[in-house]
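*Asks:* I would like the atomic coordinates for the input below:
(4 chains)
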Number of protein chains: 2
Amino acid sequence: MSTTDPRVRTRKAPAERAAEILDAATAIAREQGLGALTLRAVADRAGVASGLIAHYQPSMDDLVARVYSDLVEEEIREVRALAAREASPAARFARVLETLLDGSREDLTVVWVESWAISRRNPALAAAVRRQMSVWQLLLVEIADEGVADGSFATAETSAVAWQIMGMVDGLNAQSLVREADPATAIAQMSRAAETLLGARPGSLALAR
Amino acid sequence: MSTTDPRVRTRKAPAERAAEILDAATAIAREQGLGALTLRAVADRAGVASGLIAHYQPSMDDLVARVYSDLVEEEIREVRALAAREASPAARFARVLETLLDGSREDLTVVWVESWAISRRNPALAAAVRRQMSVWQLLLVEIADEGVADGSFATAETSAVAWQIMGMVDGLNAQSLVREADPATAIAQMSRAAETLLGARPGSLALAR
DNA sequence: CATACTATTGATCGAGCGATCAATACGCGA
DNA sequence: TCGCGTATTGATCGCTCGATCAATAGTATG
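*Replies:* Reported below is the predicted structural model:
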């Protein structure tokens, strides 16, 4: 029987290795949340020694912030793309609410909720959270402004309304982590609430099925 | 110069000591959140050896869950008392929303947000969170039912509406930890949204100032 | 006053964390 | 093909965590 030899080293281009490490970290965050992002966990997942992680990512705090940003950025891009396929501002807004609340993104909700707590002791993450919240809000403001422009919404405060709706959605998702609830009900109620805040015609944010 | 003698032991009645430890733990949670609740931190705060904490609280997970429950229970009691002073169901509901969103309970919001994240690795806390969420929801349902009974609200779904409003409020509070916002705006918008969901007359949940 | 009970102490264990670093060996350019 | 640069390894440090436990000393009881 052969003793387990020291690991065969495979030497890769720095950029390639860095990407692998980031991929491994991202996968862990998706599956187990940001709290599971430890030096050794990432090393195991990437199949390298722990020291190599530190070589490419001198600070774990920064890595956590980076992974968080990448994940949320991708989510925003996806949601934006889904919204863009709808014909009207009202339909776009409705699609965003539905996509965020349909329960299909639980892994991201875990990341999101953990980010609030971890931010308190990770300044880099705190900054990233603030940044990505602004990006989210901007997406909602854009659609809201379009709705105001074409007359389907009526509010002078799209910015404040966007923040409000965003907070509400986040809370409902966080709640869904603890208590299983029917997504359809949450979507329907959130849509009605959004209609009120946006000054949209009642029912105009209900999903056409 | 005298060497620092071993600590003078003060022996107290078990019930008294247990209460002191719980008080120390509660104070830490209020000031620094549930994440700061460590064996040694509680021992320092209570002025006793670390081993004594373990003597009275064999599991830190349980202590965290207990402290969480106590804090939330007290908050619910306070909010309930404030609501009870209002004359009508609509005024009571409005008072609850205002109290929860006026930004004066940031320490509890930190506890609340951390509880979601820590629950994922602390089953006792997870159970406590579910339990207290139900208590919160029950308070809202009670007021909502009273409103339906006296005709000021019109919805067949007070239970679902209560869950929804609770989630929304939690999300807005969590958001306020990261982004400073005007509480008055959040309260006004949340009230309008709640009117829609409860089937209340527009403006009936606005605060009488 | 003597004794037994137990509240209390503080050292200790094992685990996990981020970070550091000397040693090693891979692979490209000369 | 050789040698150098550096990617990579894995041991190690210092720290904090929850938990455990033998030793100690208050206090009540007889």
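
*Asks:* next, the buried residues of the host helix or strand of A:Glu114.
*Replies:* Following DSSP states H and E, one finds A:Glu114 within helix A:106-118. By 16 or more other CB atoms under 10 Å in any protein chain shown, the buried positions in helix A:106-118 come out as A:108-118. The C-beta positions use only the backbone N, C-alpha and C, and glycine is treated the same way.

*Asks:* the helix or strand that that helix is followed by - contacts with which helices or strands?
*Replies:* Later in the chain than helix A:106-118, the nearest helix or strand by DSSP H and E is helix A:123-149. Applying 3 or more CB pairs under 8 Å, 6 or more residues apart in numbering or on different chains; DSSP states H and E, we find helix A:123-149 packed against helix A:60-84, helix A:89-101, helix A:106-118, helix A:158-178, helix B:158-178.

*Asks:* pLDDT of the second one, averaged?
*Replies:* Helix A:89-101 shows a mean pLDDT of 98.

*Asks:* so what does it touch, helix or strand wise?
*Replies:* Looks like helix A:89-101 contacts helix A:60-84, helix A:123-149, helix A:158-178, helix A:183-198 (3+ CB pairs under 8 Å, 6+ apart).

*Asks:* between those helices, which one is closest to B:Gly203.
*Replies:* helix A:183-198 (11.9 Å; CB to CB).

*Asks:* just the CA trace of that closest one, in PDB.
*Replies:* Coordinates of each C-alpha in helix A:183-198 appear next as PDB, following Å, rounded to 0.1, in the frame of the first residue of the first chain:
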ATOM      1  CA  PRO A 183     -45.200  32.700  -2.200                       C
ATOM      2  CA  ALA A 184     -48.300  33.500  -4.300                       C
ATOM      3  CA  THR A 185     -50.000  35.200  -1.300                       C
ATOM      4  CA  ALA A 186     -46.900  37.200  -0.600                       C
ATOM      5  CA  ILE A 187     -46.600  38.300  -4.200                       C
ATOM      6  CA  ALA A 188     -50.200  39.200  -4.500                       C
ATOM      7  CA  GLN A 189     -50.200  41.300  -1.300                       C
ATOM      8  CA  MET A 190     -46.800  42.900  -2.100                       C
ATOM      9  CA  SER A 191     -48.200  43.900  -5.500                       C
ATOM     10  CA  ARG A 192     -51.200  45.500  -4.000                       C
ATOM     11  CA  ALA A 193     -49.100  47.400  -1.600                       C
ATOM     12  CA  ALA A 194     -46.800  48.500  -4.400                       C
ATOM     13  CA  GLU A 195     -49.700  49.800  -6.400                       C
ATOM     14  CA  THR A 196     -50.700  52.000  -3.500                       C
ATOM     15  CA  LEU A 197     -47.200  53.400  -3.000                       C
ATOM     16  CA  LEU A 198     -46.600  53.900  -6.700                       C
END
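
*Asks:* hmm, back to that, okay if I get the helices and strands packed on helix A:89-101 as a markdown table plus mean pLDDT and mean neighbour count?
*Replies:* What follows is these, written out as a markdown table (pLDDT from 0 to 100; neighbours: other CB atoms under 10 Å in any protein chain shown):
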| stretch | mean pLDDT | mean neighbour count |
| --- | --- | --- |
| helix A:60-84 | 98 | 17 |
| helix A:123-149 | 98 | 18 |
| helix A:158-178 | 97 | 22 |
| helix A:183-198 | 98 | 21 |
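
*Asks:* so for A:Ser50, which of those sits nearest?
*Replies:* A:Ser50 lies closest to helix A:60-84 among those, at 11.0 Å (CB to CB).

*Asks:* now check that closest one, is it near DNA strand D?
*Replies:* No. No part of helix A:60-84 sits near DNA strand D under the criterion CB under 7 Å from any atom of the strand; the closest distance found is 11.6 Å.

*Asks:* ok, that helix near DNA strand C or not?
*Replies:* Yes. Counting by CB under 7 Å from any atom of the strand, DNA strand C is contacted by helix A:60-84 at A:60-61.

*Asks:* near chain B at all, that helix?
*Replies:* No. Using CB under 8 Å from any CB of the partner chain, helix A:60-84 stays clear of chain B, with a minimum separation of 12.7 Å.

*Asks:* which elements pack onto the helix holding A:Glu114?
*Replies:* Helix A:106-118 sits against helix A:14-32, helix A:60-84, helix A:123-149, helix A:158-178, helix B:106-118, helix B:158-178, with contacts defined as 3+ CB pairs under 8 Å, 6+ apart.

*Asks:* distance to B:Ser152 added to those, as CSV?
*Replies:* Listed next are the helices and strands packed on helix A:106-118 as CSV, based on distance: least, CB to CB, whole Å:
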stretch, distance to B:Ser152
helix A:14-32, 46
helix A:60-84, 37
helix A:123-149, 30
helix A:158-178, 23
helix B:106-118, 29
helix B:158-178, 13
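
*Asks:* can you pull the residues of chain A lying near DNA strand C?
*Replies:* So chain A meets DNA strand C at A:6, A:8-11, A:37-41, A:50-51, A:54-55, A:58-61 (CB under 7 Å from any atom of the strand).

*Asks:* care to break chain A down by domain?
*Replies:* According to automatic domain parsing, chain A is divided into the following domains: A:10-58, A:62-198.

*Asks:* gap between the shortest one and the chain center?
*Replies:* Right, the one you point to is domain A:10-58. Its chain's average C-alpha position is 20 Å from that of domain A:10-58, according to CA atoms, centre = their mean, to the nearest Å.
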